[in-house]
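A.B. asks: only geometry, no sequence info:
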């Protein structure tokens, strides 16, 4: 199935966000899908065609994929993604509740937004993510110094890549876990560009690799979880990203309606090892009419 591409101009000089859409003619409640850190909208390429019951709009977050980067001199703060997501929702689905689907970083941001704006979120699907990484107040000084020093030494120049095969190999060995060649090629299809000089380079903004100057506190994350009214599905991979058991269980206990499903695969199981099983689980969850309480 062919996806439809569009670019949306966000307000207040925030630039354009690229959107990759499937099943756009469906009149069902739309799904807004948000990818993980250093990924892009193509991460949903294998499950989106299978979710034919709803229009699905996968966005490239700023600095990722085909979206514009942040203006020069600015950082990437997680809280700024709330403005990007809400503006995109307003442009695609004005005055309409939506289904939020997030992977990794996207799962963190959609979880927080579902608590901040619960009236806008009908259902919430999280893949390999149960909220953002939280800051330890005891480490604030050290973490802030690290962020300041990393940005002071930042150089925006992009190095040429030897070729597409080298880019795919690098993505297969990425920081968020290994990927198959097939999955890596899917992500690279939206992450590379050729300069006017003919050099192949990464489109992804290098500033995304800088240490964060701001993180949410654990109480802030828990506050958002308690405010979520949407039934929530959490999908984890059997070999997925590790999560500290104490905070993980504490966060789970705050949901009014949470269902947990573990499937074969790693951090990108929806793109790599188990796209059919992930799509089937999501479709079943969205089709269910009655909520059930499993988080408490």
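C.D. replies: That came through, no problem. Quick caveat, the model's predicted, so the values are computed rather than measured.
A.B. asks: all contacts plus neighbour counts: C-alpha atoms, from now on.
C.D. replies: Fine.
A.B. asks: Which residue ranges of the stretch 51-200 of the chain form helices?
C.D. replies: Here the stretch 51-200 of the chain has its helices, by DSSP state H, counting those that start in this stretch, at 80-92, 105-116, 140-152, 164-172, 181-188.
A.B. asks: Could you list every helix and strand that the fourth one packs against?
C.D. replies: When you say that, I think you mean helix 164-172. Judged by 3 or more CA pairs under 8 Å, 6 or more residues apart in numbering; DSSP states H and E, the packing partners of helix 164-172 are helix 181-188.
A.B. asks: and if you look at the first one?
C.D. replies: Other helices and strands packing on helix 80-92, by 3+ CA pairs under 8 Å, 6+ apart, are helix 105-116.
A.B. asks: Off-centre distance for the helix it packs on?
C.D. replies: 9 Å (CA atoms, centre = their mean, to the nearest Å).
A.B. asks: Quick check: which ranges of this structure have low pLDDT?
C.D. replies: 1, 289-296 (pLDDT under 70).
A.B. asks: Tell me which residue lies farthest from the centre of it.
C.D. replies: In the chain, counting by CA atoms, centre = their mean, residue 197 sits farthest out from the average C-alpha position, at 32.0 Å.
A.B. asks: who's in contact with residue 33?
C.D. replies: Neighbouring residues of residue 33 by CA atoms under 8 Å, 6 or more residues apart in numbering: 41, 44, 56-59, 100-102, 106.
A.B. asks: So residue 102 versus residue 193, what's the distance?
C.D. replies: As judged by CA to CA, to the nearest Å, residue 102 and residue 193 stand 25 Å apart.
A.B. asks: between these two, who's got more neighbours?
C.D. replies: Between residue 102 and residue 193, counting by other CA atoms under 10 Å, residue 102 is the more crowded of the two (27 against 17).
A.B. asks: got a list of what the more buried one touches?
C.D. replies: Residue 102 sits next to 33-36, 108-110, 125-127, 129 when contact means CA under 8 Å, 6+ apart.
A.B. asks: can you do 10 Å?
C.D. replies: 32-36, 44, 58, 108-111, 124-130, 234 (CA atoms under 10 Å, 6 or more residues apart in numbering).
A.B. asks: So residue 164 is in contact with residue 188, correct?
C.D. replies: Yes - under the criterion of CA atoms under 10 Å, residue 164 makes contact with residue 188 at 8.3 Å.
A.B. asks: joint contacts of the two?
C.D. replies: With CA under 10 Å, 6+ apart, residue 164 and residue 188 have common neighbours residue 170.
A.B. asks: okay, the two: which has more neighbours?
C.D. replies: More neighbours surround residue 188 than the other of residue 164 and residue 188, with 22 against 15 (other CA under 10 Å).
A.B. asks: Now do residue 234 against residue 105, distance only.
C.D. replies: In this view, residue 234 and residue 105 are 14 Å apart by CA to CA.
A.B. asks: of the two, who's got more company?
C.D. replies: Shown here are residue 234 and residue 105; by other CA under 10 Å, residue 105 has more neighbours (24 against 20).
A.B. asks: Does the closest residue to that one other than its chain neighbours lie in a helix or a strand, and which?
C.D. replies: In this structure, residue 105 finds its nearest non-sequential neighbour in residue 36, 4.4 Å apart by CA to CA, 6 or more residues apart in numbering. Residue 36 is part of no helix or strand when elements are defined by DSSP states H and E.
A.B. asks: Isn't residue 36 up against residue 43?
C.D. replies: Yes - counting by CA under 10 Å, residue 36 touches residue 43, with 8.3 Å between them.
A.B. asks: shared neighbours of those two, which are they?
C.D. replies: Residues touching both residue 36 and residue 43 (CA under 10 Å, 6+ apart): 103, 268.
A.B. asks: quick one: contacts for the closest residue to residue 76 other than its chain neighbours?
C.D. replies: With CA to CA, 6+ apart as the criterion, residue 76 has its nearest non-adjacent residue at 6.4 Å, and that residue is residue 208. By CA under 10 Å, 6+ apart, the contact list for residue 208 reads 37-38, 62-64, 69, 75-77.
A.B. asks: Likewise for residue 236?
C.D. replies: 126-130, 260-270, 278.
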